[in-house]
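**Q** Got a predicted structure here, sequence first:
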Amino acid sequence: MSPTEPVRAFLDEHEQDLLDELRDWVRIPSVSSEPERAMDVLRSANFLAGRLRDMGFPVVERWGTEGGPAV
């Protein structure tokens, strides 16, 4: 078994769920160069941070920066 087989199997099994989640994330209108989108940029960062936590990442941080939050 190659080292990538378990990853490929997971992706094949969860492809639709992963695509649905990605669609939800990219639908957030988070263009950081538009000041009126500041809350959406924050919402996008929180979405990513939450998903990483759900996946079991041991440390997830969201930092405030001059240009908007970074995860």
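**A** Thanks, I have it.

**Q** Just give the nearest non-adjacent residue to Arg37, would you?
**A** Val31 (5.4 Å; Cβ to Cβ, 6 or more residues apart in numbering). C-beta coordinates here come from the backbone N, C-alpha and C atoms, glycine included.

**Q** report the longest helix in this structure, please.
**A** helix 5-26 (DSSP state H).

**Q** how close does the residue nearest to Arg37 sit to Leu52?
**A** Relative to Leu52, Val31 is positioned 22 Å away (Cβ to Cβ, to the nearest Å).

**Q** Look at the two and report which has more neighbours.
**A** Set Val31 next to Leu52 and count neighbours by other Cβ atoms under 10 Å: Leu52 wins out with 16 against 11.

**Q** helices or strands next to the helix or strand hosting the more buried one in the packing?
**A** In this assignment (DSSP states H and E), Leu52 forms part of helix 38-54. If contacts are counted by 3 or more Cβ pairs under 8 Å, 6 or more residues apart in numbering; DSSP states H and E, helix 38-54 sits against helix 5-26.
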